[in-house]
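# Okay, structure incoming, though there's no sequence with it:
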């Protein structure tokens with residue numbers, strides 16, 4: 001399916017040269033009597049100067065690009081030019097130009113945004129059938145050459161782009177349902193390891209309350225479907241039923257739709273103990289493609305073992321655990337009763353709530369208590385009875401219907417039991433379908449009572465993962481270092497970048513590099529390969545007896561705590 005396609009690049013001899021990049025530390029550009037030629041060096045994070053000449057995209061994508069100058073005298077070696085040395089242009093209009101040496105924010109007047117590695121290009125919704133992106137150098141040593149890549153619209157429809165954000169499935173205006181189209185204007189699509197993921201413009205409803213999936217809304221029970229989540233997120237009617245959420249170190253929470261466009265009442269895993277009930281956005285029996293080595297910090301490549309050591313200082317995942325008291329299960333907004341819902345002034349969770357969550361997660365891990373149904377029951381009716389016994393009354397019920405949208409598409413949706421709070425309606429109104437906001441933006445609804453977009457950086461620079469090449473001998477990835485004289489300055493109030501400070505670099509200093517011999521930008525380039533096809537979806541299987549687990553090595557306990565009053569220390573779980 002189109003929205004899951006892998007954009008693969010052919011391996012070349014350039015990877016062998018890049019291995020030396022991680023081992024050398026020369027400075028500056030090679031002096032030469034020969035003029036340097038401009039060359040695109042990476043497309044969507046895949047470093048390859050012999051890049052494809054065409055790239056299949058969809059409206060709303062964010063394509064990442066980098067460029068370098070190549071010195072003919074030194075065997076076509078890369079000179080390690082700064083990102084500020086280049087001018088980028090798209091042929092959709094004469095004004096779609098970005099001079100990266102300028103101090104202004106290119107996204108203010110174009111579809112380009114400068115990053116620490118090159119630029120990001122926000123594919124407009126009115127792209128038409130195709131467009132060309134070109135790069136040239138403003139460096140005096142350049143020969144004035146231009147390199148380019150053609151973006152081909154894989155979803156070309158000769159019609160106007162969406163005029164309003166779709167917050168209700170009844171307003172969906174296409175004849176066939178595509179969950180990807182349902183989230184237009186609420187974010188952008190990025191490429192991670194060759195696959196497309198959607199990054200929403202998340203939001204704050206109050207100071208210090210960080211957005212996470214499956215927390216703004218409420219739980220209900222629907223006959224024939226079971227436990228059903230009803231979301232207040234403007235995009236939640238699509239994302240929380242037609243795909244999965246993941247957490248990435250650069251972009252934060254990202255979403256990927258099911259390739260067969262099927263509906264699920266929820267896409268979470270449940271866990272519980274005597275007094276508390278919890279869940280996290282992990283759909284079991286699903287083929288999560290990438291793991292920690294690709295920047296994902298949700299622990300899905302570890303399975304249930306992602307709970308091991310949760311709460312410890314060296315815990316390296318962000319799985320999105322949500323915990324409430326059993327008695328609060330029927331509340332109209334789970335956000336109001338979460339035990340792990342607030343951040344302190346240092347951007348870390350309050351320890352008194354973290355203590356409860358950590359202990360509960362640890363007990364669930366020890367008892368194999370992560371389940372597809374609350375209580376670990378084997379059918380939805382038994383699970384419903386289990387929950388009713390802990391809530392002390394009837395469970396909120398809803399209907400799940402097949403509706404016909406305005407465009408004719410048939411869409412499954414749960415009916416809302418409670419009205420949408422006004423604050424969430426204001427968040428939806430803040431979206432602008434035809435103007436890209438920087439990827440990683442957060443909508444702050446608390447500022448002067450009106451929604452205000454908070455970009456991920458303070459200086460107009462975009463966030464993006466480093467371009468990566470591979471060592472041909474070992475296959476180990478090699479991430480390229482930043483090359484900007486004015487690196488991205490993280491926005492302290494934006495959780496996407498607040499915890500990922502960028503090391504400052506003096507203005508005008510090029511990246512550490514002594515040249516990459518053997519690169520030949522004039523060699524023939526491959527055409528784009530056939531789209532990658534995912535394996536057929538398999539329905540989830542819940543509550544199977546756990547497989548025997550190997551005996552883990554004992555985990556070191558934290559150092560003794562200073563005399564009282566001492567801060568709380570999370571427990572250490574040495575599981576069998």
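Okay, I see it. Owing to the predicted nature of the structure, the values given are computational and were not obtained by experimental measurement. Numbers count the residues shown, from 1 in each chain.
# Where do the helices of this protein begin and end?
14-21, 179-182, 236-239, 351-366, 380-391, 422-429, 495-498 (DSSP state H).
# can you pull the buried residues of the fifth one?
Of the residues in helix 380-391, those scored as buried under the neighbour-count criterion (16 or more other C-beta atoms under 10 Å) are 380, 383-384, 386-387, 390-391. Using the backbone N, CA and C atoms, a C-beta is placed for each residue, glycine as well.
# counting contacts, what elements does it pack onto?
With contacts defined as 3 or more C-beta pairs under 8 Å, 6 or more residues apart in numbering; DSSP states H and E, the secondary structure elements packing on helix 380-391 are strand 226-231.
# Let's see that with 7 Å instead.
Contact partners of helix 380-391 among helices and strands, from 3 or more C-beta pairs under 7 Å, 6 or more residues apart in numbering; DSSP states H and E: none.
# Need the pLDDT of residue 358.
At residue 358, the pLDDT value in this model is 86.
# Kindly apply the preceding question to residue 487 instead.
90.
# my guess is residue 91 contacts residue 127, does it?
No - contact criterion C-beta atoms under 7 Å: residue 91 and residue 127 do not qualify, at 11.0 Å.
# Comparing these two, which residue is more hemmed in?
Taking other C-beta atoms under 10 Å, residue 91 and residue 127 do not tie; residue 127 has more neighbours (22 against 13).
# surely that one meets residue 153?
Yes - Residue 127 lies in contact with residue 153 (C-beta under 7 Å); the separation is 5.0 Å.
# Can you pull the residues that touch both of those two?
Residues within reach of residue 127 and of residue 153 at once, by C-beta atoms under 7 Å, 6 or more residues apart in numbering, are residue 59.
# Which parts of the stretch 351-500 of the chain are strands?
Using DSSP state E, counting those that start in this stretch, the strands of the stretch 351-500 of the chain run over 400-404, 410-414, 442-444, 452-454, 468-470, 477-479.
# tell me which strands and helices the first one is in contact with?
By that I understand strand 400-404. Counting by 3+ C-beta pairs under 7 Å, 6+ apart, strand 400-404 packs on strand 410-414.
# what is the mean pLDDT for the strand it packs on?
For strand 410-414, the mean pLDDT works out to 96.
# What strands line up against it, and which way round?
Each strand paired with strand 410-414, and its direction, by DSSP bridges: strand 400-404 (antiparallel).
# What's the mean pLDDT across the strand it pairs with?
96.
# Pick the most buried one from the strands of the stretch 351-500 of the chain.
strand 442-444 (a mean of 23; mean count of other C-beta atoms under 10 Å).
# Name the strands paired with that strand and say parallel or antiparallel.
strand 202-204 (parallel), strand 452-454 (antiparallel).
# Show me the contact partners of the last one.
Residues outside strand 452-454 that contact it (C-beta under 7 Å, 6+ apart) are 437, 441-444, 491, 493-494.
# and the helices of the chain, which one is worst for confidence?
The bottom spot among those, by mean pLDDT, belongs to helix 14-21, with a mean of 37.
# And the nearest residue to residue 293 once chain neighbours are set aside, how far from residue 45?
Using C-beta to C-beta, 6 or more residues apart in numbering and skipping residues adjacent in sequence, the residue nearest residue 293 is residue 477, 6.9 Å away. Look at residue 477 and residue 45: by C-beta to C-beta, to the nearest Å, they are 10 Å apart.
# ok, now residue 290?
For residue 290, the distance to residue 45 - C-beta to C-beta - is 12 Å.
# what does residue 112 give?
Plainly put, residue 112 is 17 Å away from residue 45 if you go by C-beta to C-beta.
# what does residue 398 give?
Using C-beta to C-beta, residue 398 is found at 41 Å from residue 45.
# Looking at these two, which is more packed in?
Comparing residue 398 with residue 45 by other C-beta under 10 Å, the one with more neighbours is residue 45, at 26 against 20.
# Surely the more buried one touches residue 66?
No - in this structure, residue 45 is not within contact of residue 66 by C-beta under 7 Å, at 9.1 Å.
# shared neighbours, those two?
residue 467.
# Find the least confident helix or strand in this protein, judged by mean pLDDT.
In the chain, the helix or strand scored least confidently by mean pLDDT, DSSP states H and E is helix 14-21, which has a mean of 37.
# burial of the closest residue to residue 176 other than its chain neighbours, as a residue count?
Nearest non-adjacent residue to residue 176, counting by C-beta to C-beta, 6+ apart: residue 409, 5.5 Å away. Residue 409 has 18 neighbouring residues, counting by other C-beta under 10 Å.
# What ranges in the stretch 101-250 of the chain fall below the confidence cut-off?
157-163, 207-208 (pLDDT under 70).
# count of residues packed around residue 291?
15.
# just residue 103 next, same as before
If we define neighbours as other C-beta under 10 Å, then residue 103 has 8 of them.
# dump the residue contacts of it.
No contacts exist for residue 103 under C-beta under 7 Å, 6+ apart.
# Which neighbours do residue 477 and residue 45 have in common?
residue 468.
# re earlier: and the strands paired with strand 442-444: which comes nearest residue 146?
With C-beta to C-beta, the closest approach to residue 146 among the strands paired with strand 442-444 belongs to strand 452-454: 33.9 Å.
# quick check, distance from that closest one to the centre of its chain.
Distance of strand 452-454 from the chain centroid (C-alpha atoms, centre = their mean, to the nearest Å) equals 19 Å.
# Kindly report the same for stretch 232-248.
Distance of stretch 232-248 from the chain centroid (C-alpha atoms, centre = their mean) equals 12 Å.
# any idea how far residue 482 lies from residue 464?
10 Å.
# Between these two, which has more neighbouring residues?
In terms of neighbours (other C-beta under 10 Å), residue 464 is the more surrounded of residue 482 and residue 464; the figures are 26 against 17.
# I'd say that one and residue 120 touch.
Yes - under the criterion of C-beta under 7 Å, residue 464 makes contact with residue 120 at 5.8 Å.
# buried ones in stretch 283-302?
283-284, 286, 289-290, 294-301.
# Would you point out the most distant pair within those residues?
284 and 295 (22.4 Å).
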